[in-house]
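**Student:** Prediction below, plus the sequence it came from.
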Amino acid sequence: MTSIERELRDRTKVSVSEIEAALNPGEAEGFYRDTRECGILALQAGAGQVLLAPPTPRPKKG
Amino acid sequence: MEQPGTTPPLTGAVRELATQVVSTLTSGGHSPVSAYPPVTTGDDELGLAAVRVLGADVLLPAVLHRTLPAPADLAVCEKAVLAYPPGPDASPTSLWSHRAMVRTLAALGAPAAGATLAGPEPDAAWLEDLPWQALTHQLALLAALAVPPTGTTSGDAAAPGALAPSAVADVAQRRTVDIARGFVRAVRRRGWLQAAAAGRWLAHLDGVPRTLGLDAGLEFVGLMGGDDPRVALHLHAARPVRAGAPAGPR
């Protein structure tokens, strides 16, 4: 086996734990306050297309 | 953002596969009697792993367009299902992803999938008590289950927006407002993949709050995150349902 073939084999080897991690990843960190997005949202809201308003919060239990 | 050359091979392979699926979804010329070109490129270890990760969405063109899948895709998906069954410590997401693949394969006529499908559905009760943020995260990972029923013919068409039956879909239908909250949160966090996947679920669900602006929200997600093929895939799955029309090139 040549070094290139070995390299290719190693690079295409996938463990079961890698697949499990890809199927069940944790939630990515959020990023907020991007002015470009806020601007587009504001424009769309102004055109009456979208408010992206979250539904009313649930009443607290108890 | 990942730099070129630093993307793990599996991540890259999944993205490449999603790109092929999106390309097929948008290519047009689908016929109920002829198979679309294969989206999979091989059955090497990395290729099979990518198919297992993208799951039932590999066969999404056949499901949405009600066409025959490419025989090569069916064969590779079957191999992936058999090569990577959920292990004893598998997460519920992995169990359900596997179930979705097997179900889709069986509905599309893959012979080996039928026997695997005979087992009981995985449990979905754990979703019921999750906070809405975690619920949205988990459902986003299971968005391949947000599809129309597979296997209906043109003479037996499903109602517009109908969801393929599953215990996960039942929970989603009971928690529509929570998923709507999660969609807004995902957009505000710039979690485009989660937002697209949550939007895909919402496209199928009844009782979505009108104030959400789902259609424009999906457009916005496409604008901001559509260069990720997995985001584009979810949006392509959601749009025809929102339009209330059969899937087709737009």
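**Tutor:** Yep, it's here.
**Student:** How much space separates residue B:205 from residue B:179?
**Tutor:** With the distance defined as CB to CB, to the nearest Å, residue B:205 ends up 7 Å from residue B:179. Glycine gets a C-beta too; all of them are placed from N, C-alpha and C.
**Student:** These two: which has the busier surroundings?
**Tutor:** Shown here are residue B:205 and residue B:179; by other CB atoms under 10 Å in any protein chain shown, residue B:179 has more neighbours (24 against 21).
**Student:** And the pLDDT at the more buried one?
**Tutor:** Here, the pLDDT recorded for residue B:179 equals 97.
**Student:** counting contacts, what elements does whatever helix or strand it lives in pack onto?
**Tutor:** Taking DSSP states H and E as the criterion, the element that holds residue B:179 is helix B:176-188. On a contact count with 3 or more CB pairs under 8 Å, 6 or more residues apart in numbering or on different chains; DSSP states H and E, helix B:176-188 meets helix B:132-141, helix B:192-204, helix B:214-225.
**Student:** Looking at those, spot the one closest to chain A.
**Tutor:** Nearest of the helices and strands packed on helix B:176-188 to chain A, taken as CB to the nearest CB: helix B:214-225 at 3.4 Å.
**Student:** That closest one versus helix B:192-204: what angle between them?
**Tutor:** Counting by axes from the mean of the first three to the mean of the last three CA atoms, to 10 degrees, helix B:214-225 lies at 160 degrees to helix B:192-204.
**Student:** any shared contact partners between residue B:205 and residue B:179?
**Tutor:** The overlap between the contact sets of residue B:205 and residue B:179 (CB atoms under 8 Å, 6 or more residues apart in numbering or on different chains) consists of residue B:172.
**Student:** Out of the helices and strands packed on helix B:176-188, indicate the one that is most buried.
**Tutor:** The highest mean neighbour count among these belongs to helix B:192-204 (a mean of 28), with neighbours defined as mean count of other CB atoms under 10 Å in any protein chain shown.
**Student:** How about chain A: which residue is closest to chain B?
**Tutor:** Nearest to chain B in chain A, going by CB to the nearest CB, is residue A:30, at a distance of 2.8 Å.
**Student:** Could you confirm that residue falls within a helix?
**Tutor:** No. When the secondary structure is assigned by DSSP: H, G, I helix; E, B strand; the rest coil, residue A:30 falls in coil instead of a helix.
**Student:** For residue 25, which residues are in contact?
**Tutor:** Picking chain A for this. Contact criterion CB under 8 Å, 6+ apart gives residue B:141 as the residues in contact with residue A:25.
**Student:** ah, no, chain B please
**Tutor:** For residue B:25, counting by CB under 8 Å, 6+ apart, the contacting residues are B:60, B:61, B:64, B:65, B:233, B:236, B:247.
**Student:** Of all residues in chain B, which one is nearest the centre?
**Tutor:** In chain B, the C-alpha closest to the average C-alpha coordinate belongs to residue B:144, at a distance of 2.3 Å (CA atoms, centre = their mean).
**Student:** okay, that residue: pLDDT?
**Tutor:** Predicted confidence (pLDDT) for residue B:144: 97.
**Student:** Tell me where the model's unsure across chain A.
**Tutor:** Along chain A, the model assigns pLDDT under 70 to residues A:1, A:4-12, A:31-59, A:61-62.
**Student:** buried stuff in whichever strand or helix holds residue B:105?
**Tutor:** Residue B:105 is located in helix B:92-107, with elements delineated by DSSP H and E. Along helix B:92-107, these residues count as buried under the neighbour rule (16 or more other CB atoms under 10 Å in any protein chain shown): B:92-107.
**Student:** same question, stretch B:6-16
**Tutor:** B:9, B:10, B:12, B:13, B:14, B:15.
**Student:** What residues does the fourth one make contact with?
**Tutor:** Just to be clear, that refers to residue B:13. Residue B:13 neighbours (CB under 8 Å, 6+ apart): B:46, B:47, B:49, B:50.
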